[in-house]
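**Q** quick one, fold the following:
(3 chains)
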Amino acid sequence: MTAAGVPAEVRLAAEGRYLLAVYRRLLGRFGPQGWWPARTPFEVAVGAILTQAVAWANVEKAIAALEAHGLLEPAALLAAPPERLAELIRPAGYFNAKARKLKSFVEFLFARHDGSLERLFAQPLERARRELLGVWGIGPETADSILLYAGGLPTFVVDAYTRRILSRLWADPAAPFLRDYDALRRFFMERLVPDPALFNEYHALLVALGKGVCRKGRPRCADCPLLGLCRFAHEGGGPAVAAR
DNA sequence: GCCCAGGTGGGTA
DNA sequence: TACCCACATGGG
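**A** Numbers count the residues shown, from 1 in each chain, chains lettered A, B, ... in the order given. Predicted coordinates:
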């Protein structure tokens, strides 16, 4: 029992139903997002690294350049000179840093898995995740994106949108699950069935909401599909109050 | 011109 | 642990 007298499993189940209600509203508004926009698992992994702190439109140009030069393949990427790589991915921003990150990723892939993503993904989820987190340039979001969207493994991807949206839904920046990346990841994973298709769509829908509605500066609460489920708009935090 | 975009690593207190 | 900064391009 918790201090409030509610058994933990009851609270978790209730929060799980809440998260599913949020999911259904988002799906109803935005529809299936069709993530990840890539043709191969390796292209997903490359895109996951290139999209760090950058708009996807920029990444598309970099991916197209790599594709045009036959570099969307592990062995070719491994063999490419870093300066060459940097020049091709220039539109994705941070090109020197990201060229190094792509290199360290494929070097890891060959050192540990014979260059095969399939071998990486054949391991238990948390083991594969720990390995990816050991690669220079791959942090938790990039690791989870690769595992979920390239590997089809049931890990939940947390990003800036996820954190912003959840902090507004709860209207409590001090909520324990907002403390760090892993706490927020566990918040979803401990309350939802470990279904890769659900995690895939859920994260993509949070991005859709974060981009168009639950924006950083000025959220469009009056147009939000989560009205009624969100304390931020309900309890006077948001512009929705002024709008109604 | 300014802000923001599907983060991460390194340094400092 | 908790900030702060570098990393860089492109679109609104």
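**Q** and the gap between A:Arg119 and A:Pro74?
**A** According to CB to CB, to the nearest Å, A:Arg119 and A:Pro74 sit 11 Å apart. (Each C-beta comes from the backbone N, C-alpha and C, glycine too.)
**Q** what do the two both touch?
**A** The overlap between the contact sets of A:Arg119 and A:Pro74 (CB atoms under 8 Å, 6 or more residues apart in numbering) is empty.
**Q** so for these two, which sits in the more crowded spot?
**A** A:Pro74 (20 against 13; other CB atoms under 10 Å).
**Q** I'd say that one and A:Glu43 touch.
**A** No. Assessed by CB atoms under 8 Å, A:Pro74 is found out of contact with A:Glu43, at 11.0 Å.
**Q** which bits of chain A sit near DNA strand B?
**A** A:35-37, A:47-48, A:51-56, A:58, A:93-94, A:97, A:135-143, A:145, A:149, A:159-161, A:181, A:207, A:210-211, A:215-217 (CB under 7 Å from any atom of the strand).
**Q** which of those residues are buried?
**A** Neighbour-count burial (16 or more other CB atoms under 10 Å) applied to the residues of chain A next to DNA strand B gives A:35-36, A:47-48, A:51-52, A:58, A:93-94, A:135, A:137-138, A:140-143, A:145, A:149, A:159, A:161, A:207, A:210.
**Q** from those, which ones fall inside helices?
**A** A:47-48, A:58, A:140-143, A:145, A:161, A:207, A:210 (DSSP state H).
**Q** adding pLDDT and distance to A:Leu85, write those residues out as a markdown table.
**A** Formatted as a markdown table, those follow (pLDDT from 0 to 100; distance: CB to CB, whole Å):
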| residue | pLDDT | distance to A:Leu85 |
| --- | --- | --- |
| A:Gly47 | 98 | 15 |
| A:Ala48 | 98 | 16 |
| A:Asn58 | 97 | 16 |
| A:Pro140 | 98 | 24 |
| A:Glu141 | 98 | 22 |
| A:Thr142 | 98 | 17 |
| A:Ala143 | 98 | 21 |
| A:Ser145 | 98 | 20 |
| A:Tyr161 | 95 | 29 |
| A:Val207 | 96 | 27 |
| A:Gly210 | 95 | 30 |
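**Q** distance to A:Leu27 for these - can I get that in CSV?
**A** Shown next, in CSV, are those (distance: CB to CB, whole Å):
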residue, distance to A:Leu27
A:Gly47, 23
A:Ala48, 23
A:Asn58, 28
A:Pro140, 25
A:Glu141, 22
A:Thr142, 25
A:Ala143, 26
A:Ser145, 20
A:Tyr161, 16
A:Val207, 13
A:Gly210, 15
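**Q** which member of those residues is positioned nearest A:Thr155?
**A** Closest approach between these and A:Thr155, by CB to CB: A:Ala143, at 8.1 Å.
**Q** neighbours of the nearest residue to that closest one once chain neighbours are set aside, just the number please.
**A** For A:Ala143, ignoring the flanking residues on the chain, the nearest one in space by CB to CB, 6 or more residues apart in numbering is A:Leu132 at 3.9 Å. A:Leu132 has 23 neighbours, counted by other CB under 10 Å.
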